[in-house]
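Novice: I'll drop the sequence and a predicted model, then ask my questions.
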Amino acid sequence: MPDILFVIAHGAASARAAASNLLFFYWPMLNPTGVDRRSIHFKFSSRKPIICQTERCLERRNIASKVCVNILLSIHGHDTPPPLYMCTDCYKNSSKDIQKYCRNVLCPVSEIDLHCQNKLCISDKKTTYAVCYSIECCVSNGNHPISLCRQCHERRHIDSNHVYQETLLDMWRLSADVQNHCVEAIISLLRETDNTEEKRIVDSMSDEKKSILVENIDNTTNMFLSLDIDVGRKLLSRYGIYLILGLIEPTSYGPPEIFGRLLSMLFLWFHSTVRLPGNEIGSVLGKLKSEYVIPWLKSVVKEHHELVVALLLPHPIEYAKVGGVWETMSNRTSQVSECLNKLYDLMPDGIITYEIWDYIMPYWMESIRIEVPENDLTDLNILFRKMFDPDPDMSPSSLTRDQLYNFITDRFQSPAPASVQEQALQWLQILCLIDIYIPVPLLVQIFITGINSLQKLESRAQRREHYT
């Protein structure tokens, strides 16, 4: 398995697709969804079974389960050299002289069973943990590789030299090299959705065309299809999602530099899969998002709140700078735009809670005020208009108007010094410069609260001078 993970992590696109299919063909237990057993990226034929070579079986075409290793007894045709392969029926009907020279043949596996195939299994958890390829175990399964649960596997293979393959259960318990290959494999697979050609076309459009595409995702998808952009590569990324869901429990705790790196790439995957075609690709990824990824992410946000917040700040931790603009020579405006887009795409599904929003937005507004030139503020117009949309039916989040602007109004509450209020006023000015609608009653409330706060501070200062 480490070799396959290494190819997925560092191989070419074609090799990555082939290795991913092989990984989930022989280790289907890594897919916790229990679906998608067949692949569309890479078709391969496993080893074909050997057909019985006895004359009476030529018409029946039975699969061979025995092989005769005696050279003299295995002569079965002028053009066919030894040994002689035969099916179970022909073996039973053969003479004892032939039978004593026969050995079992391991048949190829057509599909790995997800449940224990030991007929004497007494375990309560029958999920496949290992697959044994030694003939001593396979005899009871018709000479096919046998799937075993953890209890049956440990009981059979304590002191044996059988050939078997175990599955991976927990990312944080892997050896250092396997863990590194697995992390890089996940990132490499999720990066398949980060289509640079798609971004280049969108960036070259006028603001008017961008606003039309943002409002109608289907137009965007049809445009990409007409330009022969490979939207099918997005589907390959589902294997990375399977590995995350299968190997990382949302309530588990691992090294933050590894977990944060994976989460940061997952957020980029969320952003890259917003525009999905209305075909099988869109259906598969859309269902994967709604039924598995979103509940998993909500549990992560609840359990690892501080880590998620650190990843969503305008200046994330160094190990979280993976994929997208962090791997290109981009200016600060592009970095702010993409990171805010990732934040926006997480809002409709309730992943961005009010607590997260209220904490990170002051950092974002201050970053925009200091680092984004005024001429580039128009690039954020469409995004901010949708984030702060006053219409609850159009707003991507479940936050109310008061919750959306609380990070600003809170800076006018008493005791708010003039410097803090001035900073919040600059944020309001930025929102006005990019044509964000701010309800007038909210502005009046902000100004009244700010004036009252300043008056209270002034009266306190006067009293202090009076007593001193």
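Specialist: Yes, it's here.
Novice: Lys48 - nearest residue in space that isn't next to it in sequence?
Specialist: Distances taken as CB to CB, 6 or more residues apart in numbering place Pro108 nearest to Lys48, at 6.9 Å, with adjacent residues excluded. (C-beta placed from N, C-alpha, C; glycine too.)
Novice: in terms of contact, does the one you found touch Arg47 like I think?
Specialist: Yes - counting by CB atoms under 8 Å, Arg47 is a contact partner of Pro108 at 4.1 Å.
Novice: Those two - which one has more neighbours?
Specialist: Pro108 (13 against 9; other CB atoms under 10 Å).
Novice: mind listing what the more buried one touches?
Specialist: Ser46, Arg47, Lys48, Pro49, His144 (CB atoms under 8 Å, 6 or more residues apart in numbering).
Novice: any idea how far the residue sitting nearest the centre point of the chain lies from Leu266?
Specialist: Centroid-nearest residue in the chain: Ile241, 3.0 Å away (criterion: CA atoms, centre = their mean). Noted for Ile241: a distance of 8 Å to Leu266, by CB to CB, to the nearest Å.
Novice: Give me the common contacts of the two.
Specialist: Common neighbours of Ile241 and Leu266 (CB under 8 Å, 6+ apart) are Leu190, Val293.
Novice: for the residue lying closest to Lys125 once chain neighbours are set aside, phi and psi?
Specialist: For Lys125, ignoring the flanking residues on the chain, the nearest one in space by CB to CB, 6+ apart is Cys149 at 6.1 Å. Here is the backbone geometry of Cys149 (degrees, to the nearest 10): phi -70, psi 180.
Novice: hang on, Cys149 packs against Cys116?
Specialist: Yes - assessed by CB under 8 Å, Cys149 is found in contact with Cys116 at 3.9 Å.
Novice: Pull up the overlap in contacts between the two.
Specialist: In contact with both Cys149 and Cys116: Ser123, Lys126, Thr127, Thr128, using CB under 8 Å, 6+ apart.
Novice: wait, which of those residues is closest to Leu340?
Specialist: Taking CB to CB as the measure, Thr127 is the one of the shared contacts of Cys149 and Cys116 closest to Leu340, at 41.7 Å.
Novice: Tell me how many other residues crowd that closest one.
Specialist: 13.
Novice: for Lys96, same thing?
Specialist: Other residues close to Lys96 by other CB under 10 Å number 6.
Novice: Pro82 versus that one, what's the distance?
Specialist: In terms of CB to CB, Lys96 sits 19 Å off from Pro82.
Novice: Also Asp435?
Specialist: 84 Å.
Novice: What of Leu169?
Specialist: On the measure of CB to CB, Leu169 and Pro82 end up 45 Å apart.
Novice: Whichever strand or helix holds the residue nearest to the centre of the chain - contacts with which helices or strands?
Specialist: Using DSSP states H and E, Ile241 falls within helix 238-247. For helix 238-247, the elements it packs on are helix 13-26, helix 176-190, helix 256-272, helix 280-288, judged by 3 or more CB pairs under 8 Å, 6 or more residues apart in numbering; DSSP states H and E.
Novice: contacting residues around stretch 406-417?
Specialist: With CB under 8 Å, 6+ apart, stretch 406-417 has contacts from 357-358, 361-362, 365, 402, 420-421, 423-424, 427-428, 442, 445-447, 449-450, 452-454, 456-457, 460.
Novice: what does stretch 350-358 give?
Specialist: 294, 297-298, 301, 305, 308-309, 312, 343, 346, 397-399, 403-404, 406-407, 410.
Novice: Now intersect those residues with the helices, please.
Specialist: Using DSSP state H, the members of the contacts of stretch 350-358 that fall in helices are 294, 297-298, 301, 305, 308-309, 343, 346, 403-404, 406-407.
Novice: mind listing the strands for this structure?
Specialist: For the chain, applying DSSP state E gives strands covering 66-68, 84-86, 102-104, 130-132, 146-148, 164-166.
Novice: Sheet-wise, list the partners of the second one with their directions.
Specialist: Yep, that's strand 84-86 we're talking about. strand 66-68 (antiparallel) (DSSP bridges).
Novice: Quick one: residues in contact with the strand it pairs with.
Specialist: 74, 82-88, 91, 98, 101-105.
Novice: Might you list the low-confidence residue ranges for this structure?
Specialist: 34-46, 58-60, 76-79, 195-232, 277-278, 390-397, 414, 416, 457-468 (pLDDT under 70).
Novice: can we see that at 80?
Specialist: 33-48, 55-61, 71-81, 110, 194-234, 274-283, 389-399, 413-418, 450, 452-468 (pLDDT under 80).
Novice: one step back: now list the buried members of the contacts of stretch 406-417.
Specialist: 357-358, 361-362, 365, 420-421, 423-424, 427-428, 442, 446, 449-450, 453-454 (16 or more other CB atoms under 10 Å).
Novice: just checking, which of those residues belong to helices?
Specialist: 357-358, 361-362, 365, 420-421, 423-424, 427-428, 442, 446, 449-450, 453-454.
Novice: ok, residues contacting stretch 128-142?
Specialist: By CB under 8 Å, 6+ apart, stretch 128-142 touches 26, 28-29, 65, 104, 106-107, 109, 112-119, 143-150, 153, 156-157, 160, 162-167.
Novice: Can you list the buried residues in it?
Specialist: Buried-residue list, stretch 128-142, by 16+ other CB under 10 Å: Thr128, Tyr129, Ala130, Val131, Cys132, Ser134, Cys137, Cys138, Asn141.
Novice: From those, pick the one nearest His271.
Specialist: Using CB to CB, the buried residues of stretch 128-142 come closest to His271 at Thr128, 34.9 Å.
Novice: Give me the phi and psi for the closest one.
Specialist: phi -60, psi 130.
Novice: Please tell me how far it sits from His157.
Specialist: Thr128 is 14 Å from His157, by CB to CB.
Novice: Cheers, nothing more for now.
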